[in-house]
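*Asks:* sequence first, predicted model second:
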Amino acid sequence: MNPITHMVISWNTAAVSPVEKRDRILITLGGMIPDIDGLSILADLVFPSGYGWFYYHKYHHYLAHNITAIIVWVLFVLLIAKRKVVTAFLSFIVFHLHLLCDIVGARGPRECDIWTIPYLSPFSSALTLSWKQQWELNGWQNFVITIIMFAIVFIISWKKGYSPLEIFSAKMDKLFVQTLRQRFTHYC
């Protein structure tokens, strides 16, 4: 799935949890951390190999889509979160939701473009996760999930008074919620 869908799934999980803003941000980042290895695409832009997206295909879903990345993230969360156990646990959950979403919905345009997840990397290659029926990244299933997740964002934002924009700007967050509440005063 795309990073925006991963973000809203993770934020929705955090937003319905008994945590404050900083911990919601940590949980949301926990669901986005695996895609940090997608930045390997920058190496392809800087050092073109002549083989297309060589570095991206080699390192995306390898460097951070594994147990090592989540262990490092959970340890970091345990150091800085206010509600340490809840925030670390939910970070662990949304990280694995990210992996599950990638297993079911990250295939490229060809049937053979199935992404795998080397879960025990770099310690072992014994457990590689994949699904032969993987949906295309731009498949209708991913669009439906994204639309549903955004609908949930709107409902949570209207009811709770904060939105995923809180990650980026308190001012934008406040304006979004205010506009949402003004526009939909009779619906929730």
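*Replies:* Happy to help now that I have it. Residues are numbered from 1 along each chain as shown.

*Asks:* for the rest of this, base every contact and every neighbour count on C-alpha atoms.
*Replies:* Fine.

*Asks:* surely residue 41 meets residue 55?
*Replies:* Yes - using Cα atoms under 8 Å, residue 41 makes contact with residue 55 at a distance of 6.3 Å.

*Asks:* name the nearest residue to residue 84, sequence neighbours excluded.
*Replies:* residue 78 (5.0 Å; Cα to Cα, 6 or more residues apart in numbering).

*Asks:* what is the subsequent helix or strand relative to the helix or strand hosting that neighbour?
*Replies:* Element membership of residue 78, judged by DSSP states H and E, is helix 67-80. Next along the chain after helix 67-80, taking DSSP H and E as the criterion, comes helix 84-105.

*Asks:* show me what the helix or strand following that following helix pairs with in its sheet, parallel or antiparallel.
*Replies:* Next along the chain after helix 84-105, taking DSSP H and E as the criterion, comes strand 117-118. Applying DSSP bridges, strand 117-118 is found paired with strand 128-129 (antiparallel).

*Asks:* what's around the residue nearest to residue 84, how many residues?
*Replies:* Residues contacting residue 78 under the criterion other Cα atoms under 10 Å number 16.

*Asks:* can you check residue 118 too?
*Replies:* Residues near residue 118, counting by other Cα under 10 Å, number 22.

*Asks:* which one is it nearest to, not counting chain neighbours?
*Replies:* Nearest to residue 118 is residue 128, by Cα to Cα, 6+ apart, at 4.3 Å.

*Asks:* check the gap between the one you found and residue 93 for me.
*Replies:* 19 Å (Cα to Cα, to the nearest Å).

*Asks:* the more surrounded of the two?
*Replies:* residue 93 (18 against 13).

*Asks:* pLDDT weak spots in this protein?
*Replies:* Within the chain, the stretches with pLDDT under 70 are 50-51, 186-188.

*Asks:* quick one, helices of it?
*Replies:* 3-15, 21-32, 41-46, 54-59, 67-80, 84-105, 140-160, 170-183 (DSSP state H).

*Asks:* any idea how far the helix holding residue 78 is from the chain center?
*Replies:* With Cα atoms, centre = their mean, to the nearest Å as the basis, helix 67-80 stands 15 Å off its chain's centre.
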